[in-house]
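Engineer: Provided below for reference: sequence and predicted model.
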Amino acid sequence: MNLYEFCYGIIHWLVDLVNNLWYWLGDLLPWWFGDFFTAVGDFARSDGHLSVMTILLEGVVILVVGLVNVLNFIWIDRKLSGRIFDFYGPYYVGYRIGGWLQNLADGIKLFTKEIITPAKADRVGFLVAPIVFVGSSVLVLAAIPFSHNFGIATNDSGAGIPAGVLFAFAMFAIAPFAILVAGWSSNNKYTLIGGMRSAAQMMSYEIPMLLIVASVLLLAGGFSFGEVVDAQHDIWFAIPLFLGFIVFLVCIVAEVEVQPFDLPEAEAELVEGWTTEYCGMRFGLFMMTSYLRGYAGGALTTALFLGGWQGPRLIPDEFWFLIKAYIVFFVVEWMRWSLPRIRVDQILGLGWKRLMPLAILNLLIAAAMKTMGWF
Amino acid sequence: MAEMWINMGPQHPMTHGLWNLRIKVDGETITDAEPEVGYLHRGIEKLCEDRTYTQIIPITDRLCYGSSLTWSHLYCLTVEDLMGVEVPERAEYIRVMAIEMQRIASHLMWLAAYAADLGMMVGFIYGMRDREVFIDLLQALSGSRLTYNYPRIGGVAHDLPHNFDRDALRACEYMEKKLKEYEDIYDGSKVFMMRNEGIGLLKKEDALNLGVTGPPLRGSGVKYDLRKDMPYSVYEDIDFQPRSHPACDCYARYRVRMDEMWESCRIIRQTVKKMPKGKWRVVAPRNAPEGTGFGRVEDPRGEAVMYVVGNGTDRPYRLKIRSPIFVTVSAAPKMLIGYKVADVVAIMGGLDMCIGEADR
Amino acid sequence: MAEAKQKNTYTGFVVKPMLRTMRTFVKSLILGRPNTVLYPYQKLDLPQVYRGLHTLDFKKCIGCGNCVIICPNDCMWLEKIDDPELGKIERPGVDIGRCLFCGFCAEVCPTAALHMTTEFELANHERNKLRFSPKDIRDDKFADTFKEERSRRSLPYLNMEKCTSCEKCGEECPEMCIAIVPVEGTGRKRPEINFAKCTSCGKCAVVCPEKALEMTDVYEAYFEMPEPKLVLENCTGCQACSKACPAEAVYMLEMPGTEKVLKDGKKTKPKKRAVFILEKCVGCGRCFRACKFKAIDMPGVKK
């Protein structure tokens, strides 16, 4: 049973429950009052209404799953960095369960802070930039299914969104615009510099990333996630396209802006970079979205290279997907806490001069493998 | 973008103390630089004129809180030169051992702050963790973790605790293992080398002309170390080599400090082996004769000098302090012009600024 | 720009640092040995020399005020206290808000009554709670809890009231460190003992017929304190210095030959003069401040 049917069942049950009320009112009240309520009940049971409500519920479920994963990521990040640094991470927050409630404490702290807008800031840009940033990152999650049955478009009509990979990467690439707007509209020299650096870095790492995705799609033969994962049933793409896998991992790290690529948020020079002027939960949203993009990057890597949801049948497919995404996250965090920052012109040099030729080489290898008929 | 002046500091998260660096930026490249110090001036030289010679020792501790034993030792050397007090040999050996431990602790704090500036939190935490070993040793010796108040005019405050030599040797072994680990983490990482090689050149002539001393000078190829060239205390009897590095960039200064930590471990081992028995303190006279006293030591940051003028009473007439950082920071324009804004932290971090001694 | 010529020590660009961090991670998580303790549930042991809050032994303290004088920051003061067993005494209090925790006060104390404990959790919301009066830091049993590290010797202390100038101690001392000096104006002599040469054999105390020499435990003093000098012409025998001295180093002796005959034939009592036993003096300067006739000269001490 896939997610669509599951949510359809829930909505159907809920609508039936509420329709008892409408039909009862319709029988009770005379004249056109009664007809009105009966019509409401009939509308609620119609196919269009049910499917719209189902899609909304699916969206909520995927969003909740994504956000819970983000909270887990933040917790793992803090405990992992603590153990790498030879101390405990958060420990006694409320109860001695290992400090997971630290997220709750941080969230409450951010909610209760005063929200200030700078006087000379461009109000529309200042308010719209977080919305675009967060919204586009969450939309990336919409396109990625966890398994054949769990995804926002996994209904009987097809195995997911027809051009899922394309949609995911398109949404992923909207972020630089939002960052530029946020940095510029804060009316601050430092955020402007930070925003421009960040946008330059993200755009220059999109190119190798998309070239590698193109090579994967060449081997998979289709544009949707279901086809890509099914094409890996013999061997995961990470092994023949090993070069592409490594370069893709580096590009994801640069997109998400963690060390060693986080000069736009470098504390030593620019305080917080392009998010300096945001206070309270707006800043919390940026931090959360940063981890959300990390999670999305991990999910994309899993789906494209590590076989998606394939694994022994001991545990359900969705958990395999999550386990592989967490392993990718673990490797990214390991790299994060071991290396210093790279200077911004060195970052751009790395992206254009070293990674792009490697990505093109990878494309040639993929084309060669396809013509030899191995895939 | 037109050229503009940017203020880095005085309120800034990671500038190692309270000072202001104004840089003139053309896009991303620096065309001029102007450091401004003086925000942390506490009037120490004036405070010293109103206190007796013994009461000044805790105040000199607080000159540079990163390496406070060096400064109180320097003060005691200066006043012993003025009063003509002869310090017993055991006290001299204890002082040298404590100073070398302090040198290792100061260099580790520099390493931690440097790594934090470059974005590597690992280096920060590991540096502080290893510094704890030496701070704990000095705490067992003197009673405090940061401002020790341990040297006295005429010796040291009290004798070594039990088992101190065993603990000192264990600390040296631990440090040598960790220095190998640091070589893996710093030298073995291409990213660190990319950030440091070829950055912040300070040529030999410029360094000598500007009066720069200490690791920045030794990183430009000049083998000048006060412990070998003008030995004080018992450094003549101890076998060690001052280290220098021919490349004049940030990597050379980093390498010089790491090598100095190796040498300090050797010195500690030799002092533990050679420690004589005897008294650790003599009673110094209360009133100083009329005259002058002069002392100079090799601080972890350079050459530190003190000059005291006595006038027959128990308070000094004048105490003059020369701090190495005050002179080294004036070499900043030479090192910064032509590089990018992101290199400023690497270059100024490599100088190991401790503003407490620059501003007094 | 000159490139540093050195051989490449990096393999695989980033492999070495990542292996090092993985090693620490495994040691910390799987072997379970991180480097920190869970404060405040687990605490570290501090060594005995640690300089934390002060503690004062009321019985050992003589109220000399040396600690108040030597403090670099003027954070101690002497407070007059009426104690049920000890009477009217003066004891020092400390203001933690100004204190440097340098330890000079504990070091200069002549009777080792003031110590610094290992208590460091002293933060408070109000500034006046940081002033600890002598009663707050009183702990008469502190000396039982630790091993005293300050070196002390057993030295003979002179009680001038019992001394009869018989000179037996001077003959008995094997080190020849007792010099018999005359006390000007009184016609008596007293022994002056050189503590630097004394070996604590105790023979002088045994041989004294009046038991005027008593072997007491004295802590080594490494700070040279100012010494008082008597200006005999100005001394009126008012006994202010003798009452002010906390260490019993000033005795009043009669000067025979200074009695006056009054008009009605009665004789007045002879004048008295102060005698300083400088070996017992701790250099606190209270005699200097108590004398109103400028009969005591103490260079370098403020009034």
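Structural biologist: Looks like it came in fine.
Engineer: Tell me where the stretch 151-300 of chain A is predicted with low confidence.
Structural biologist: A:153-160, A:264-272 (pLDDT under 70).
Engineer: Same question for the stretch 1-150 of chain B.
Structural biologist: B:1-2, B:11-15.
Engineer: do the stretch 1-150 of chain C as well
Structural biologist: For the stretch 1-150 of chain C (pLDDT under 70), the answer is C:1-12.
Engineer: mind redoing it with 50?
Structural biologist: Residue ranges of the stretch 1-150 of chain C with pLDDT under 50: C:1-7.
Engineer: can you list the residues of it near chain A?
Structural biologist: Applying Cβ under 8 Å from any Cβ of the partner chain, one finds that the stretch 1-150 of chain C approaches chain A through C:14, C:17-18, C:20-22, C:24-25, C:27-29, C:34-36, C:38, C:41. (C-beta placed from N, C-alpha, C; glycine too.)
Engineer: buried subset of those?
Structural biologist: Listed as buried from the residues of the stretch 1-150 of chain C next to chain A are C:14, C:17-18, C:20-21, C:24-25, C:28-29, C:34-35; burial here means 16 or more other Cβ atoms under 10 Å in any protein chain shown.
Engineer: In helices, which of those residues fall?
Structural biologist: Counting by DSSP state H, the part of these found in helices is C:17-18, C:20-21, C:24-25, C:28-29.
Engineer: Do a quick rundown of the strands in the stretch 151-300 of chain C.
Structural biologist: Ranges of strands within the stretch 151-300 of chain C are C:152-158, C:178-183, C:188-193, C:213-219, C:229-230, C:250-254, C:272-276, C:296-297, based on DSSP state E, counting those that start in this stretch.
Engineer: Buried residues, the fourth one. List them.
Structural biologist: Pointing back at strand C:213-219 there. Applying 16+ other Cβ under 10 Å to strand C:213-219 flags C:213, C:215, C:218 as buried.
Engineer: and which of those is nearest to chain B?
Structural biologist: Comparing the buried residues of strand C:213-219 against chain B with Cβ to the nearest Cβ picks out residue C:218 as the nearest, at 14.4 Å.
Engineer: and the closest residue to the closest one other than its chain neighbours, how many neighbours does it have?
Structural biologist: Distance criterion Cβ to Cβ, 6 or more residues apart in numbering or on different chains; nearest residue to residue C:218, sequence neighbours excluded, is residue C:155 at 4.7 Å. For residue C:155, the tally of surrounding residues (other Cβ atoms under 10 Å in any protein chain shown) stands at 20.
Engineer: Including distance to chain B, could the ones in helices among the buried ones among the residues of the stretch 1-150 of chain C next to chain A go into TSV?
Structural biologist: Listed next are these as TSV, based on distance: Cβ to the nearest Cβ, whole Å:
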residue	distance to chain B
C:17	5
C:18	9
C:20	5
C:21	6
C:24	8
C:25	11
C:28	11
C:29	15
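Engineer: Which segments of the chain make up each domain?
Structural biologist: Answering for chain A, as no chain was given. Chain A breaks down into these domains under automatic domain parsing: A:3-45, A:116-371.
Engineer: My question was about chain C, not that one.
Structural biologist: C:54-145, C:151-220, C:224-303.
Engineer: With distance to residue A:29 as extra columns, can I get the ones you listed in TSV?
Structural biologist: Converted to TSV, these look like this (distance: least, Cβ to Cβ, whole Å):
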stretch	distance to residue A:29
domain C:54-145	67
domain C:151-220	103
domain C:224-303	102
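Engineer: Setting the sequence-adjacent residues aside, check what's closest to the closest residue to chain A within chain B.
Structural biologist: Nearest to chain A, among the residues of chain B, is residue B:119, at 3.2 Å (Cβ to the nearest Cβ). Residue nearest to residue B:119 in three dimensions, not counting chain neighbours: residue A:341, with 3.2 Å by Cβ to Cβ, 6+ apart.
Engineer: pLDDT score assigned to the one you found?
Structural biologist: Listed pLDDT for residue A:341 reads 84.
Engineer: among the strands of the stretch 151-300 of chain C, which is nearest residue A:131?
Structural biologist: strand C:213-219 (74.5 Å; Cβ to Cβ).
Engineer: So which other helices or strands are in contact with the closest one?
Structural biologist: Under the contact criterion of 3 or more Cβ pairs under 8 Å, 6 or more residues apart in numbering or on different chains; DSSP states H and E, strand C:213-219 touches strand C:152-158, helix C:203-207.
Engineer: Please write out the alpha-carbon positions of the shortest one in PDB.
Structural biologist: Output for helix C:203-207, consisting of C-alpha atoms alone and laid out as PDB, is shown next (Å, rounded to 0.1, in the frame of the first residue of the first chain):
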ATOM      1  CA  LYS C 203      70.300  24.000  75.800                       C
ATOM      2  CA  CYS C 204      69.800  27.700  76.600                       C
ATOM      3  CA  ALA C 205      66.200  27.100  77.600                       C
ATOM      4  CA  VAL C 206      67.100  24.200  79.800                       C
ATOM      5  CA  VAL C 207      69.800  26.100  81.600                       C
END
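Engineer: counting contacts, what elements does it pack onto?
Structural biologist: Partner elements for helix C:203-207 (3+ Cβ pairs under 8 Å, 6+ apart): helix C:168-172, strand C:213-219.
Engineer: where's the most centrally placed residue in chain A, which helix or strand?
Structural biologist: Chain A has residue A:296 as the residue nearest its centroid, 3.2 Å off, counting by Cα atoms, centre = their mean. According to DSSP states H and E, residue A:296 maps onto helix A:280-305.
Engineer: anything in that helix near chain B?
Structural biologist: No - under the criterion of Cβ under 8 Å from any Cβ, chain B is not reached by helix A:280-305; the shortest gap measures 15.9 Å.
Engineer: Check which residues of that helix are buried.
Structural biologist: In helix A:280-305, the ones that count as buried by 16+ other Cβ under 10 Å are A:281-286, A:288-305.
Engineer: re the thing from before, dump the strands of the stretch 151-300 of chain C into TSV; add distance to residue B:280 as well.
Structural biologist: Formatted as TSV, the strands of the stretch 151-300 of chain C follow (distance: least, Cβ to Cβ, whole Å):
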stretch	distance to residue B:280
strand C:152-158	16
strand C:178-183	29
strand C:188-193	25
strand C:213-219	16
strand C:229-230	32
strand C:250-254	33
strand C:272-276	31
strand C:296-297	34
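Engineer: And the residue of the stretch 51-200 of chain A that's closest to chain B?
Structural biologist: Closest approach between the stretch 51-200 of chain A and chain B, counting by Cβ to the nearest Cβ: residue A:85, at 4.0 Å.
Engineer: Give me the nearest residue to that residue, chain neighbours excluded.
Structural biologist: Residue A:85 sits nearest to residue B:125 (Cβ to Cβ, 6+ apart), 4.0 Å away.
Engineer: Then residue A:325?
Structural biologist: In space, residue A:325 is closest to residue A:298, 4.2 Å off (Cβ to Cβ, 6+ apart).
Engineer: mind checking how far whichever residue of chain A sits closest to chain B is from residue A:63?
Structural biologist: Residue nearest to chain B within chain A: residue A:341 (3.2 Å; Cβ to the nearest Cβ). According to Cβ to Cβ, to the nearest Å, residue A:341 and residue A:63 sit 33 Å apart.
Engineer: The two: which has the busier surroundings?
Structural biologist: Higher neighbour count among residue A:341 and residue A:63: residue A:341, with 25 against 14, using other Cβ under 10 Å.
Engineer: Over to that one. Which of the three states is it?
Structural biologist: coil (DSSP: H, G, I helix; E, B strand; the rest coil).
Engineer: Can you tell me the element residue C:93 falls in?
Structural biologist: Here residue C:93 is assigned to strand C:87-95, by DSSP H and E.
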